[in-house]
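J.: My questions are about this predicted structure, shown below with the sequence.
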Amino acid sequence: MTPATLTASRLAALLEQPPPTPEQVSVIEAPMAPMLVVAGAGSGKTETMASRVVWLIANGVVEPRQVLGLTFTRKAAHELSARISTRLAALAGAMRAEGMTLPTGLERGHDDLVGQRPLVHTYNGFALDLVREHALAVGIDPELTMMSTSASWQLAHSLVEGWDDSLDLEASPATLTAALLSLTSSIADHLVTPDQLRAHLETVRDHLSGIPLQVEGKRRTTPKAVASVLSALESRLALIPLLERFAQVRAESSALDFADQVSLAARVAREVPAAGRLARRMHRVVLLDEFQDTSVAQLQMLTDLFGPGHAACAVGDPQQAIYGWRGASAASLAGFAEAFATDDAPVLQRTLSTSWRNDEAVLEDELGLQAPATWDEFR
């Protein structure tokens, strides 16, 4: 690693930005190693991530084109990309004004930085690019198409309505379609195959079926709670053939839905060593935003692609996990720390605990509204 000549505080002064806090400095100036940053709401994580990139580039540790940033929404990706690009342009101007030598990748003017800027993408967009680039290596047609949400619904609905009488469920086609799409998404997010799902459900069903019957008068019946679960299990088992057919039709038509993108990318990362070698060479630094909302499949894709010891920085807050319904879990933060550690070094741990959303007046008012110590004081 090139010895740093510009500190985070010096860079902030050059760019006429507020000086970073000690917590931010520990993130910005961290060595090239895996790092987990727990950042609370309003703690300036986007600002700190952008400053981290600028610091690395300013000190010649990496070139702009070697930085990859991933987040969930296109809006967030655009915001992070714009902030980094603006800072790098300002950095080039400030360094020229100070008579300093520009680092590699910033020698050109701002208008000529195309291809030299950091790549900022959504998790799913990055996964789709990975699948398209290495599709042939896993037996997939590279000329694949992405189905919209409505197209995926229509395909699933047509399969449900055309299914034979073996699907003996007391539910409307619309309800069954919703269940089919939900189950498809769930197994993709958890990297589970229909056969694995069937085996698991049958194991649970067989175990529950062995629960002793309860006596009601002269009758022996299955407990109501157990019967309800058994019924739900049978419903899911009945959907599995339809689940398999839905996957088969998508594969035959080279059409992917939203759930397919990351599960197929995880397969590429696992089965195509060249994909990992290329990713590690191209993206020496990886920023992973909102990591508490990543799924099992996303964590596995990133682990197999970049691996232990790679300079990936995961930023998240377990208190802000909102995508549990689609397989995400705040446990991904701990999973990252385990997956990216090496035998010689654990993942670096950092925190951003200061919230910048409330000024001192708001906090003082809140402190003045503290609960009374006793009931008499309240009265």
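T.: Arrived safely. Just so it is clear, the model here is predicted, and its values are computed rather than measured. Numbers count the residues shown, from 1 in each chain.
J.: As PDB, could you dump the C-alpha coordinates of whichever strand or helix holds residue 157?
T.: Assessed by DSSP states H and E, residue 157 sits inside helix 149-161. What follows is helix 149-161, C-alpha atoms only, in PDB (Å, rounded to 0.1, in the frame of the first residue of the first chain):
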ATOM      1  CA  THR A 149     -43.200  -7.700 -12.700                       C
ATOM      2  CA  SER A 150     -46.400  -7.800 -14.800                       C
ATOM      3  CA  ALA A 151     -44.900 -10.200 -17.300                       C
ATOM      4  CA  SER A 152     -43.800 -12.500 -14.600                       C
ATOM      5  CA  TRP A 153     -47.300 -12.400 -13.100                       C
ATOM      6  CA  GLN A 154     -49.000 -13.100 -16.400                       C
ATOM      7  CA  LEU A 155     -46.700 -16.100 -17.100                       C
ATOM      8  CA  ALA A 156     -47.300 -17.500 -13.600                       C
ATOM      9  CA  HIS A 157     -51.000 -16.900 -13.800                       C
ATOM     10  CA  SER A 158     -51.300 -18.700 -17.200                       C
ATOM     11  CA  LEU A 159     -49.500 -21.700 -15.700                       C
ATOM     12  CA  VAL A 160     -51.800 -21.800 -12.700                       C
ATOM     13  CA  GLU A 161     -55.000 -21.600 -14.900                       C
END
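J.: contacts for stretch 150-170?
T.: Contacting residues not belonging to stretch 150-170 are listed as 147, 173-174, 176-177, 180-181, 184, 235, 238-239, 241-242, 245-246, 249-250, 255, 257-258 [CB atoms under 8 Å, 6 or more residues apart in numbering]. C-beta coordinates here come from the backbone N, C-alpha and C atoms, glycine included.
J.: Repeat the analysis, applying 7 Å as the threshold.
T.: 173, 176-177, 180-181, 235, 238, 242, 245-246, 249, 257 (CB atoms under 7 Å, 6 or more residues apart in numbering).
J.: JSON lines please, covering these and showing distance to residue 68, neighbour count and pLDDT.
T.: Shown next, in JSON lines, are the contacts of stretch 150-170 (distance: CB to CB, whole Å; neighbours: other CB atoms under 10 Å; pLDDT from 0 to 100):
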{"residue": "173", "distance to residue 68": "43", "neighbour count": "14", "pLDDT": "90"}
{"residue": "176", "distance to residue 68": "40", "neighbour count": "22", "pLDDT": "92"}
{"residue": "177", "distance to residue 68": "37", "neighbour count": "22", "pLDDT": "95"}
{"residue": "180", "distance to residue 68": "34", "neighbour count": "23", "pLDDT": "95"}
{"residue": "181", "distance to residue 68": "31", "neighbour count": "20", "pLDDT": "95"}
{"residue": "235", "distance to residue 68": "42", "neighbour count": "17", "pLDDT": "89"}
{"residue": "238", "distance to residue 68": "43", "neighbour count": "14", "pLDDT": "91"}
{"residue": "242", "distance to residue 68": "38", "neighbour count": "22", "pLDDT": "94"}
{"residue": "245", "distance to residue 68": "37", "neighbour count": "16", "pLDDT": "95"}
{"residue": "246", "distance to residue 68": "33", "neighbour count": "22", "pLDDT": "96"}
{"residue": "249", "distance to residue 68": "34", "neighbour count": "14", "pLDDT": "95"}
{"residue": "257", "distance to residue 68": "25", "neighbour count": "22", "pLDDT": "90"}
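J.: one step back: quick one: the helix holding residue 157 to chain centroid distance?
T.: Relative to the centre of its chain, helix 149-161 is centred 27 Å away, using CA atoms, centre = their mean, to the nearest Å.
J.: picking that back up, among the contacts of stretch 150-170, name the ones in helices.
T.: 173, 176-177, 180-181, 235, 238, 242, 245-246, 249 (DSSP state H).
J.: Residue 292: which of those residues is nearest?
T.: Checking the ones in helices among the contacts of stretch 150-170 against residue 292 with CB to CB, the nearest one is residue 181 at 24.5 Å.
J.: Please name the nearest non-neighbouring residue to the residue nearest the centre of the chain.
T.: For the chain, the residue sitting closest to the mean C-alpha position, by CA atoms, centre = their mean, is residue 294 at 3.1 Å. Once flanking residues are discounted, residue 294 sits nearest to residue 332: 4.6 Å by CB to CB, 6 or more residues apart in numbering.
J.: can you count the residues close to that neighbour?
T.: 25 (other CB atoms under 10 Å).
J.: and residue 351, how far is that from residue 93?
T.: Separation of residue 351 from residue 93 (CB to CB, to the nearest Å): 33 Å.
J.: do the same with residue 313
T.: From residue 313 over to residue 93 (counting by CB to CB), the distance is 27 Å.
J.: What of residue 283?
T.: 27 Å.
J.: Comparing the two, which shows the higher neighbour count?
T.: Taking neighbours as other CB under 10 Å, residue 283 and residue 93 compare with residue 283 leading, 24 against 15.
J.: and the closest residue to the more buried one other than its chain neighbours, what does it touch?
T.: Closest residue in space to residue 283, ignoring its immediate chain neighbours: residue 68 at 3.8 Å, by CB to CB, 6+ apart. By CB under 7 Å, 6+ apart, the residues touching residue 68 are 119, 283, 286.
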